[in-house]
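Q: For reference, the sequence and a predicted model appear below.
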Amino acid sequence: MSETDFFLYVDALKWYKQIFDRRQVSPLKGKKWLLIFTVAAAVVLSACTKERVPEKGSESPAENKPETVEKPSYPFPLTGLLSEEKPNHRAIAVMINNHPKARPQSGLQKADVVIEALAEGGITRFLAVFQSEFPERIGPVRSARDYYIRLAKGFDGLFVFHGWSPEAKKLIESQYIDSLNGLFYDGTLFQRVAFRQAPHNSYISYKNILKGAEKAGCDLDTPPAPYRFLSGGETVEGEDVRSVAVSYSTDDFLVRYEYDPAAEKYKRYSGGAQTVDYDTGDPVLLDNVLIVEMDHAPLNDGSGRIAIDLESGGRGYLLQKGKMRKIRWENVNGRIVPYDGTEQARLVPGKTWINIVPAPMENVLSVPAQ
């Protein structure tokens, strides 16, 4: 019984008592009316105490289901993979050593984009660009060359390196790009590991990169411009090619990509060994492999350094989903971008490896029998 029903019942009894006391009815009739009133009140109160029956077609409160609210998703600019939060983080571009004594490296498996190019003496180095995820530590970190700096600028990245060539030094000192140089933070932000010898032992943690950026007053909240990516309904075109090899110089720098149909990704091999992470053992698995030819010219500086033409555009190949097709590359605001005719080629969402090779590429690129 509700509180309201109770007080109504009490008021009715008071009213009956007043009538009876005033003898407006005889005692016999009063008893008759009392009986009638009591029965009627019992019926009313019984009805008041029963649970309400929901109308046909309506839901009871227990059956009310909360509305499903879909969480917004945002694509990472360099991988196209989705995030529940806006990926407002600046790219970080790190120079990585690829000498055989520096392998396996730390952190490459988490890079969104890796660009591989010759330094000098037939040795390649990597520019590893991180934006969607960051490893605990990265390395070995190596010295910069001017063309790696320009490539890092194409991602508007914070450039992390340890040492420089004369040409790279000029660019860095001109404030061309925000940077952290291990020459000035050796033993503080950059640490020397005991299991390798110099110059293959300089490492930096992601935590120390953040510390260095804060100390230098570098903005870390501006994401890079996005690539264009395939949507779920689009298919990849090209010739069925499961394996490709790129020979930069000696067998130590023979790169091979093998497509794994089960994983729908490419495995990378260097010098006959699969590229894996030193700290975790996780393999580098790729969704796009872009091979582009560029003119290389010696600087004749007595050290074997070279110049690479990043501006003129040229031929290339794009490997995706076990297929290979010809493309042309162009420099778009400092970034190497593949084109199908006049349209930007769309990448498969995921990670990308770019091999810059000397022209003509036929001298270094081979497609083994499939």
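A: Sure, I can see it.
Q: Could you use CA atoms for every contact and neighbour count after this?
A: OK.
Q: so where do the strands sit in the stretch 101-250 of the chain?
A: Along the stretch 101-250 of the chain, counting by DSSP state E, counting those that start in this stretch, strands occupy 113-118, 124-130, 137-138, 158-161, 179-181, 190-192, 202-205, 239-240, 243-247.
Q: Can you list the strands that the second one pairs with?
A: Using DSSP bridges, the strands paired with strand 124-130 are strand 92-96 (antiparallel), strand 113-118 (antiparallel).
Q: list the buried ones in stretch 94-109?
A: Neighbour-count burial for stretch 94-109 flags 94-99, 102-109 (criterion: 16 or more other Cα atoms under 10 Å).
Q: Leaving out the residues flanking it, which one is nearest to Tyr339?
A: Of all residues not flanking Tyr339 in the chain, Ala345 sits nearest, at 4.8 Å (Cα to Cα, 6 or more residues apart in numbering).
Q: Relative to Asp112, how far out is that neighbour?
A: As defined by Cα to Cα, to the nearest Å, Ala345 lies at a distance of 17 Å from Asp112.
Q: on that earlier part again, and the strands of the stretch 101-250 of the chain, which is most packed in?
A: strand 158-161 (a mean of 27; mean count of other Cα atoms under 10 Å).
Q: And it, what does it pack against?
A: Counting contacts by 3 or more Cα pairs under 8 Å, 6 or more residues apart in numbering; DSSP states H and E, strand 158-161 packs against strand 92-96, helix 146-153, strand 179-181.
Q: Just give the strands next to that strand in its sheet, each with its orientation.
A: For strand 158-161, sheet partners with direction are given as strand 92-96 (parallel), strand 179-181 (parallel), following DSSP bridges.
Q: and Met324, what is it in contact with?
A: When contacts are counted by Cα atoms under 8 Å, 6 or more residues apart in numbering, Met324 touches 237-241, 317-318.
Q: Please disregard the earlier target; I meant Ile336.
A: Neighbours of Ile336 in contact, by Cα under 8 Å, 6+ apart: 151, 310, 329-330.
Q: repeat for Glu116
A: Residues 124-127, 353-356 are the ones in contact with Glu116 under the rule Cα under 8 Å, 6+ apart.
Q: again with Val113
A: With contact set as Cα under 8 Å, 6+ apart, Val113 has these partners: 78, 128-130, 351-354.
Q: How about it: which residues does it bridge to?
A: Val113 has the following beta-bridge partners by DSSP bridges: Val129, Thr352.
Q: residues in contact with stretch 253-263?
A: Contacts to stretch 253-263, defined as Cα under 8 Å, 6+ apart, come from residues 122-124, 242-248, 265-272, 321-322.
Q: try stretch 207-216
A: By Cα under 8 Å, 6+ apart, the list of residues contacting stretch 207-216 reads 136, 180, 189-190, 219-220.
Q: so can I have JSON lines of these showing pLDDT and distance to Val364?
A: Written out in JSON lines, the entries for these read as follows (pLDDT from 0 to 100; distance: Cα to Cα, whole Å):
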{"residue": "Glu136", "pLDDT": "98", "distance to Val364": "35"}
{"residue": "Leu180", "pLDDT": "98", "distance to Val364": "34"}
{"residue": "Leu189", "pLDDT": "98", "distance to Val364": "38"}
{"residue": "Phe190", "pLDDT": "99", "distance to Val364": "35"}
{"residue": "Asp219", "pLDDT": "94", "distance to Val364": "40"}
{"residue": "Leu220", "pLDDT": "96", "distance to Val364": "38"}
